[in-house]
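**Q** Provide a 3D model corresponding to the input given below.
(2 chains)
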Amino acid sequence: MLSRRQLIQGAGAAAALAASASVTVSWPRLALARGLLTDYTLDEVTARALAAAKAAGATYADIRVVRRVAESLHTREDHVTGVGSSDSYGLGVRVIAGGAWGFAASARVDGAEAERIARLAVDIAKANAKVVRRPVELAPVKPVTAAWQTPLTRDPFKIPLAEKAAFLLAINADVMAVPGVKFCTSSFDALGEWKLLVTSEGSRIEQEITRIEPGYSATAVDAKTGEFVSREHELPPSQAGWEYVEGSTLRADARKIGEEAVAKLKAPGVTPGKRDLILAPSNLWLTIHESVGHSTELDRALGYEANLAGTSFATVDKLGTLRFGSDIVTLFADKTSPGGLASCGYDDDGVPTGRWDLVKKGLFVGYQTTREQAAWIKEPASRATAYGEDFKAFPFQRMPNVSLAPGAADKGVADLIAATDDGIYITGNGSWSIDHQRYNFQFGGQMFHEIKKGKLTRPLKDVAYQANSLDFWRSCDMIAGQREWVMGGTLGDGKGEPVQSNGVSHGCSPARFRKVNVLSTNTRGA
Amino acid sequence: MLTEPQARKLTAAVLAAGKKLAKDAALSVSMDSGRAANTRFARSEITSTGDVDDTTLTVGVGFGKRHAQASTNQTDAPALLSVLQRAIAMARLAPEDPELMPLLGPQKYASTPPGFDRATAELPASARAEAAHAAIAAADAAKVDLAGFHDLRGAATALANSAGLFAYHAATGVSFTCTARTPDGTGSGWGQGYANRWSDLDTVAAAKVAIDKSVAARRPRKLDPGRYTVVLEPAAVGDLLYFLVSALDARRADEGRSFFSRQGGGTRVGEQLWGPHITLRSDPASKLMPSAPFDGEGLPQRPITWIDKGKIAALRYSRFWAEKQGQRPTAAPSVTELAGGDATPEALLAGVKRGVLITRFWYNRWVDPQSILITGLTRDGVFLIEDGKVVAPVNNFRYNESPVKMLKNADALGKDAVRLATADGRMRVPALRTHEFNLASTSDAV
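**A** The predicted structure follows:
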């Protein structure tokens, strides 16, 4: 990113450019320095938008001014293959008129455009209101003026590109030094999201969220058989700065990852059947995401996502009565965990974030809601899960961090393995798929180790586990303690039409699940 | 949306400004400009709408073998200058990339049928709302709930570079998908449509397919998992075929990490992998699926037959890999079409003693790239076929299957290929009948 000074220095050339291109000339509107320094002219933009919406007949309005920046670096073997950065900026106005939502957005951020967009949003709301069956009601929220920022020490956008590239290429070199490894790719992505939310109820909230995702993958090939496998590092993305990369074992693990790719290639295939599984957090987070995170979205349970992602087995009539998991299973939602990809101070409805239970001691007790949705289940307040991915995205219910509470006893994965007679220990993510009501899922992994009589014996390959979500959670009989509780996560949680992307993390300790259906995925030569 | 003269002027200005900042740079600029508008409905009412006009400019800068790109959605002068400076600064710092190819010079592009329709590009929100209301009214009459998405795009793509290349293409596309569910929660159906012109899209017909199917799918019978003869409707065929199309890459095959790798080295091009009734093509001049005559790099699109009467006939070569292997580079295909056969829908069923009719698949994911093994689930209409007739709705299934085998075991293809909204209109496929399809486990989902 460039500093304000650099932008101003270029103004002369910019004027010449504008004259020849016949495009609108305006000044940079946003300071890019860390420290939440918005341009004062935005106050005029937001005020004009809200006044225009009110004058046009809106009973509620909010405006979000959002900038998203991204930087990516990709390599393979001994060279960089791509260096890119992107920057999008604009405003979105959301209104309620006649009991219906209206929304419009523009990449032009000035007072006149904000007024035009606000009026357009009201027109759209009125058109939608003609057949409203359930007028929108918003749960109350106390107006605030607030700011929130990702805690970090090394802004990833300010780390020199050469330093980041050297880091990745050094990893590749270590991976490629392992005999049998033929390919290696690595990458680093940084995402910055800055947003200002101003509502007709008097809130003014400014937030800056920084997320990063480093990673690499080794591919081993057996020249004789033509067989190949890949092994990815399991470090998850995080809401953090470059210090997260430096403090990780990414670099130190490079040789081990290459060796494990080779070991996996040579490993015997799994024998299908019912097995006890011990799932590491690097694998289990995604199972939580798909089977718990998505099934407890209230809009999905009520049919609002029926045309794309589907509905849910966790219907409203089962709230408080459905036996979701065994007694030791407590799953909680939260948007405050440090490093959690969905963590922030306030959601896009302007509601302060918090933590609550979805499943308590095995019982289904909670949903994810927004201000609009709280009334649907007669709750007095929103759970603060509204989110729109950028300025042109309509904010709607998006998944908070959803995590499995650690076990009460101070057990570790070694204790779980020691207690298991015939099982498989799975780490990392492979393939994943779940049905449109979140019952039937199938997951792979990165590494699979056979457990016999309380001991890890040998690596396996071609493993997938398939289960019904409820059977799976009810079969959980051991959860390691707080000491081994870590978060995994994704930047690519998709929902809605058009699909919007959400970053979300899921914490857990290693856990054991009894008699799960294990498949062999080897159809080579079939 | 910027017109061709506006795009030419804007991209030329960016290149000129870039030249001033870095004389020795190889510069390229790509522009995507246009309107994206949508109406979403669920539980039989409109739930959200969107309408935005946006222009994204991506600037590519190369110094020798160093390169970087940066993009912005702001077209005012300071933003353009900023994006240039950003790309230049990053390119200077980037390590060398031995695979970087020189910029393409001016290209000759084939003329393709127009895919742009002004009335579609300017369609007001009220027209989308009326289409949604008409579909909802049909659902109300049948006493089912309807959820859907009506999406409209009118956009132009332009490319220009300091070696003299310029390309521009504008297109409109409009899609309508909807899912009907019966109030008792036991039946679900789905319908779809895609067209370049809004006037060619029959949204009510798509809704009626979804509604009728949901009613027919009510109270499904239990059917065990197993290997079945299946009749796959076009959406289901497209869902699986997508993975095979994405594997048509020469480099991965040459590197020994693809289904198309030949044991001992090289690719399987030329091998008869399927029956003579399987042909897969890309043609940018297709009247039924017009597309841009160039890809994102500016390479001209040309008609390509990937699978020719069952023989794997071509794989995609990037410019770098083509040069290395002494091959002609291939533009990334923008459209693909699986040739239809001569079977009517009734004829596809007629040959089935006992089998399953599948509407579409969901949550399809790679399991094993070596065999193109994919997993996913059926949804929105699964029916038991006995003695050539649909006899009852049945439960959903998880499948673990490969599109390679789907085509290998296919013995009949439908005569009417359909353009798929799920592939943004870029894929046109027929229904087909295939055997030994692995429906691996049942799913309780409706």
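
**Q** Spit out the contact partners of residue 385.
**A** With no chain named, the answer covers chain A. Counting by CB atoms under 8 Å, 6 or more residues apart in numbering or on different chains, residue A:385 touches A:333, A:335, A:347, A:368-370, A:397-400. (Glycine included, C-beta is placed from N, CA and C.)

**Q** could you do chain B instead?
**A** B:229, B:231, B:349, B:352, B:354-357, B:391.

**Q** Give the buried residues for stretch A:133-148.
**A** Going by neighbour count (16 or more other CB atoms under 10 Å in any protein chain shown), the buried part of stretch A:133-148 is A:136, A:138-139, A:141, A:148.

**Q** Which parts of the stretch 301-450 of chain A are helices?
**A** For the stretch 301-450 of chain A, the helices defined by DSSP state H, counting those that start in this stretch cover A:371-374, A:413-418.

**Q** Please apply the same query to the stretch 1-150 of chain B.
**A** B:4-21, B:77-93, B:118-121, B:125-141.

**Q** The stretch 251-400 of chain B now?
**A** Counting by DSSP H, counting those that start in this stretch, the helices of the stretch 251-400 of chain B are B:319-325, B:345-350.

**Q** Which elements pack onto the longest one?
**A** When you say that, I think you mean helix B:319-325. helix B:250-254 (3 or more CB pairs under 8 Å, 6 or more residues apart in numbering or on different chains; DSSP states H and E).

**Q** in terms of contact, does residue B:209 touch residue B:191 like I think?
**A** Yes: in this structure residue B:209 lies within contact range of residue B:191 using CB atoms under 8 Å: 3.5 Å.

**Q** who's more crowded, the two?
**A** residue B:191 (30 against 19; other CB atoms under 10 Å in any protein chain shown).

**Q** count of residues packed around residue 412?
**A** I'll assume chain A. Applying other CB under 10 Å, we find 14 residues neighbouring residue A:412.

**Q** could you do chain B instead?
**A** 21.

**Q** gap between it and chain A?
**A** Relative to chain A, residue B:412 is positioned 22 Å away (CB to the nearest CB, to the nearest Å).

**Q** same check, this time on residue B:357
**A** 18 Å.

**Q** With residue B:299 instead?
**A** The value you get for residue B:299 to chain A, if CB to the nearest CB is used, is 18 Å.

**Q** Contact partners for the spatially closest residue to that residue that is not a sequence neighbour?
**A** Ranked by CB to CB, 6 or more residues apart in numbering or on different chains and with sequence neighbours excluded, the top spatial neighbour of residue B:299 is residue B:331, at 4.0 Å. Residue B:331 sits next to B:294-295, B:297, B:299-302 when contact means CB under 8 Å, 6+ apart.

**Q** now residue B:211
**A** B:138-139, B:142, B:144, B:146, B:180, B:189, B:191.

**Q** and it, what element?
**A** Here residue B:211, judged by DSSP states H and E, is contained in helix B:203-216.

**Q** What parts of the stretch 101-250 of chain B come near chain A?
**A** Taking CB under 8 Å from any CB of the partner chain as the contact definition, the stretch 101-250 of chain B meets chain A at B:125-126, B:129, B:133, B:136, B:145, B:147-149, B:151, B:177-179, B:181, B:188.

**Q** any idea of the angle the lengthiest strand in chain B forms with helix B:4-21?
**A** Ranked by number of residues, the top strand in chain B under DSSP state E is strand B:45-63. Counting by axes from the mean of the first three to the mean of the last three CA atoms, to 10 degrees, strand B:45-63 lies at 40 degrees to helix B:4-21.

**Q** what's the closest of the buried residues of stretch A:133-148 to chain B?
**A** residue A:136 (9.8 Å; CB to the nearest CB).

**Q** Surely the closest one and residue A:372 touch.
**A** Yes: using CB under 8 Å, residue A:136 makes contact with residue A:372 at a distance of 5.5 Å.

**Q** how much space between residue A:469 and residue A:406?
**A** From residue A:469 across to residue A:406, the span is 21 Å (CB to CB, to the nearest Å).

**Q** Of those two, give the one with the bigger neighbour count.
**A** A side-by-side neighbour count of residue A:469 and residue A:406, using other CB under 10 Å, places residue A:469 first with 26 against 21.

**Q** who touches the nearest residue to that one once chain neighbours are set aside in this structure?
**A** Of all residues not flanking residue A:469 in the chain, residue A:291 sits nearest, at 3.9 Å (CB to CB, 6+ apart). Contact partners of residue A:291, counting by CB under 8 Å, 6+ apart, are A:434, A:438, A:441, A:469, A:472-473.

**Q** which one of those residues sits closest to residue B:278?
**A** Here the nearest of the contacts of residue A:291 to residue B:278, counting by CB to CB, is residue A:434; it sits at 31.2 Å.

**Q** Quick one: mean pLDDT for stretch B:84-96?
**A** Across stretch B:84-96, pLDDT averages out at 95.

**Q** Kindly export that stretch (C-alpha atoms) in PDB.
**A** Presented in PDB, the C-alpha positions along stretch B:84-96 are these (Å, rounded to 0.1, in the frame of the first residue of the first chain):
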ATOM      1  CA  LEU B  84       0.300   2.000 -11.500                       C
ATOM      2  CA  GLN B  85       2.800   3.000  -8.800                       C
ATOM      3  CA  ARG B  86       1.800   0.000  -6.800                       C
ATOM      4  CA  ALA B  87       2.300  -2.500  -9.600                       C
ATOM      5  CA  ILE B  88       5.600  -0.900 -10.600                       C
ATOM      6  CA  ALA B  89       6.900  -0.900  -7.100                       C
ATOM      7  CA  MET B  90       6.000  -4.600  -6.600                       C
ATOM      8  CA  ALA B  91       7.400  -5.700 -10.000                       C
ATOM      9  CA  ARG B  92      10.700  -4.100  -9.200                       C
ATOM     10  CA  LEU B  93      10.900  -6.000  -5.900                       C
ATOM     11  CA  ALA B  94       9.600  -9.300  -7.200                       C
ATOM     12  CA  PRO B  95      12.100 -12.100  -7.800                       C
ATOM     13  CA  GLU B  96      12.600 -13.200 -11.400                       C
END
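
**Q** Please spell out which residues along it are buried.
**A** Neighbour counts using 16+ other CB under 10 Å place B:84-91, B:93-95 of stretch B:84-96 among the buried residues.

**Q** nearest to residue A:173, of the residues of the stretch 101-250 of chain B next to chain A?
**A** The closest of those, once distances to residue A:173 are taken by CB to CB, is residue B:151, at 45.8 Å.

**Q** quick one: what helix or strand has that closest one in it?
**A** Per DSSP H and E: strand B:145-161 holds residue B:151.

**Q** And the pLDDT for residue 5?
**A** You didn't say which chain, so I picked chain A. Residue A:5 is given a pLDDT of 29.

**Q** look at chain B instead
**A** Value for residue B:5, per-residue pLDDT: 97.

**Q** tell me, how many neighbours does it end up with?
**A** Residue B:5 sits with 9 neighbouring residues when counted by other CB under 10 Å.

**Q** Next up, the contacts around it.
**A** If you count contacts by CB under 8 Å, 6+ apart, then residue B:5 has nothing around it.

**Q** what about the lengthiest helix in chain A, near chain B?
**A** Counting by DSSP state H, the longest helix found in chain A is helix A:111-129. Yes: contact of helix A:111-129 with chain B (CB under 8 Å from any CB) involves A:120, A:123-124, A:127-128.

**Q** How is chain A divided into domains?
**A** A:32-266, A:273-520 (automatic domain parsing).

**Q** Check those domains for me: which has the lowest mean pLDDT.
**A** Going by mean pLDDT, the lowest-scoring of those is domain A:32-266, which has a mean of 94.

**Q** which of the contacts of residue A:385 has the most neighbours?
**A** Neighbour counts for those, by other CB under 10 Å, peak at residue A:400, which reaches 33 neighbours.

**Q** these two touch, right, that one and residue A:387?
**A** No: using CB under 8 Å, residue A:400 makes no contact with residue A:387, being 9.3 Å away.
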